[in-house]
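Participant: here is my input, please return the structure:
(one chain, ligands or ions: 1)
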Amino acid sequence: MSESLPIITLGDSTLRQQAVEVQNVHDARIQKLIDDLITTATNANGVGIAAPQVAESVQLFIVASRPNPRYPHAPEMQPTAMINPKIVAHSTEIVKGWEGCLSVPGLRGLVPRYQTIQVEYTDRDGKLQTLELTDFVARIFQHEYDHLNGIVFLDRVESNLDIVTEAEYQKNVVPNT
Ligand code: ZN
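Facilitator: Numbering: from 1, shown residues only. Next up, the predicted model:
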């Protein structure tokens with residue numbers, strides 16, 4: 001059975017560490033961690049979660065875009081585990097969009113990201129996958145990828161004026177998007 005794991009928040013030093021590569025995707029502990037991360041993200045209305053957010057400093061995250069109360073306009077997709085991921089190419093075009101983070105509760109920030117990225121990762125069956133991602137899903141990937149390098153979205157916000165509370169975001173930003 002998968003379980004919902006406690007999420008660590010800003011200030012916990014694990015969030016600032018470089019995560020280590022997963023050596024064996026088929027390891028039962030890694031497979032259990034994948035199931036637990038999917039459950040944790042779903043229960044918390046997250047569209048993605050990275051292993052360091054549950055204090056496991058390994059290169060693994062889940063992308064699980066779907067519409068939910070925190071992201072009403074998110075596209076629907078199957079939760080996907082991405083292991084030892086890499087960005088192999090990216091567009092020159094950069095777009096700003098609102099992000100939040102389960103490890104930074106109560107805040108949203110306007111974050112610049114590449115609009116399109118080509119990525120490579122190992123899936124949970126051990127197969128190497130290559131994908132092109134655009135817009136919101138590309139944004140999720142870049143956000144989660146940052147977690148593997150000890151970076152949180154606030155580090156990429158260009159001005160403190162681009163940070164708002166979750167309450168103001170729901171009240172003022174969502175109705176206008
Ligand atoms: Zn995050």
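Participant: okay, now the unreliable bits of this protein?
Facilitator: 177 (pLDDT under 70).
Participant: which strands or helices does the longest strand that the chain contains pack on?
Facilitator: Longest strand in the chain, counting residues (DSSP state E): strand 80-90. Helices and strands touching strand 80-90, by 3 or more Cβ pairs under 8 Å, 6 or more residues apart in numbering; DSSP states H and E, are helix 28-43, strand 60-63, strand 116-122, helix 135-148. Glycine gets a C-beta too; all of them are placed from N, C-alpha and C.
Participant: let's see 10 Å
Facilitator: With contacts taken as 3 or more Cβ pairs under 10 Å, 6 or more residues apart in numbering; DSSP states H and E, strand 80-90 sits against helix 28-43, strand 48-50, strand 60-63, strand 107-114, strand 116-122, strand 128-134, helix 135-148.
Participant: how about the fourth one: buried residues?
Facilitator: Neighbour-count burial for strand 107-114 flags 107-111, 113-114 (criterion: 16 or more other Cβ atoms under 10 Å).
Participant: one more: stretch 137-151?
Facilitator: 137-148, 150.
Participant: and that stretch, C-alpha only, in CSV?
Facilitator: Output of stretch 137-151 as CSV, limited to C-alpha atoms (Å, rounded to 0.1, in the frame of the first residue of the first chain):
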residue,chain,number,x,y,z
VAL,A,137,4.0,20.7,-18.2
ALA,A,138,7.4,22.1,-19.2
ARG,A,139,7.1,24.5,-16.2
ILE,A,140,6.3,21.6,-13.8
PHE,A,141,9.4,19.7,-15.1
GLN,A,142,11.7,22.7,-14.6
HIS,A,143,10.3,23.4,-11.1
GLU,A,144,10.8,19.8,-10.0
TYR,A,145,14.2,19.5,-11.7
ASP,A,146,15.3,22.6,-9.7
HIS,A,147,14.4,20.7,-6.5
LEU,A,148,17.0,18.1,-7.4
ASN,A,149,19.6,20.8,-7.5
GLY,A,150,18.6,22.5,-4.2
ILE,A,151,16.7,25.4,-5.9
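Participant: no further queries at this time; thank you.
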